[in-house]
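[1] pasted the sequence and its predicted model underneath.
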Amino acid sequence: MNLLHTAIVQQDIVWEDTDKNLKKLDILLKDLNDSTDLVILPEMFHSGFTMNPERVAQTETGKAVRWLKAKAMELDVHIMGSVVFKSGSVYYNRLYIYDPLGEVNYYDKRHLFSIGGEGEHYKAGKFRLIINIKGWRVCPLICYDLRFPVWSRNCNDYDLLIYVANWPKSRREVWSTLLKARAIENQTYVIGVNRIGEDHSNEYSGDSVVLNAKGNSVFDIEKDNEVVAYSRLDLDELNAFRNKFPVWKDADDFKLY
């Protein structure tokens, strides 16, 4: 069996305080299940969804980035989460993925939440990322990307689609509905990892979830609690469903420019 064991960290993020958030995560991950292959943290896990990037921005030697690398090696896992990242004079909402050897890949958020001013403070990414984790093809995206199905479209190039988010409680039904849609239309596992708690303008209800290719929940997570939740994904089961019901063969061809 080709299994992937994931750990979702549904976190209550302390506003713009990297040190407190890293200490909190050290505690949450202290007793991580030994079988875990992949740990997934929310969007901007070290700061919250801030439009003050200069206060918390990371570089390649920043605390949050160094913490991700060290934690991946310490726990012998892949770990991902987005940070406020500064490159020269430009800021990105950058999702880092470190592997157990300390090697790194990253994805810069493509769709910036202009309604909240994100596009005024951050630069959009241009490229989608597909990484290999234990034989699984994984596509990691960030929050607002969820609303744009073309960017999320499975061109037979991934098995697991992941969204890390700070998605407000006021739009929780949209979050849940779109995650199910992405799973069904792409015939893939989908994981949505959202924060809980409050910041200066929004309340968050978590609603983190793992869905199979039929849009059904793989397990139930405590919606409003800070928790590390585990799931086991089965690639053989996914491929069997794709072969039995191969709607992907009838998909439209397209190119992104």
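    Yes, it's here. Residues are numbered from 1 along each chain as shown.
[2] what about the strands in the chain?
    Under the criterion DSSP state E, strands of the chain are mapped to 3-10, 38-40, 78-87, 90-98, 104-108, 131-133, 136-142, 160-165, 189-194, 196-198, 203-205, 209-211, 227-234.
[3] in the stretch 151-257 of the chain, which spans are helices?
    With DSSP state H, counting those that start in this stretch, the ranges of helices along the stretch 151-257 of the chain come out as 172-186, 235-244.
[4] buried stuff in the shortest one?
    Within helix 235-244, the residues scored as buried using 16 or more other CB atoms under 10 Å are 235, 238, 242. Quick note: C-beta positions are derived from backbone N, CA and C, even for glycine.
[5] save those as a markdown table, and put in distance to residue 183 and pLDDT too.
    Listed next are the buried residues of helix 235-244 as a markdown table, based on distance: CB to CB, whole Å; pLDDT from 0 to 100:
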| residue | distance to residue 183 | pLDDT |
| --- | --- | --- |
| 235 | 15 | 98 |
| 238 | 11 | 98 |
| 242 | 13 | 98 |
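[6] ok, the residues you listed vs residue 188, which is closest?
    Of all those, residue 238 has the smallest distance to residue 188: 7.3 Å, by CB to CB.
[7] what residues are up against the closest one?
    Shown in contact with residue 238 (CB atoms under 8 Å, 6 or more residues apart in numbering): 159, 187-189, 212-213.
[8] of all the strands of the chain, which lies closest to residue 71?
    strand 78-87 (5.7 Å).
[9] the inter-axis angle of that closest one versus strand 189-194?
    Relative orientation of strand 78-87 and strand 189-194, computed by axes from the mean of the first three to the mean of the last three CA atoms, to 10 degrees: 60 degrees.
[10] beta partners for the residue nearest the centre of the chain?
    The centre of the chain sits closest to residue 164, judged by CA atoms, centre = their mean, with a distance of 2.8 Å. Following DSSP bridges, residue 164 is listed with bridge partners residue 142, residue 193.
[11] residue 210 pairs with what?
    Under DSSP bridges, the beta-bridge partners of residue 210 are residue 191.
[12] isn't it right up against residue 216?
    No: counting by CB atoms under 8 Å, residue 216 is not a contact partner of residue 210; they are 9.9 Å apart.
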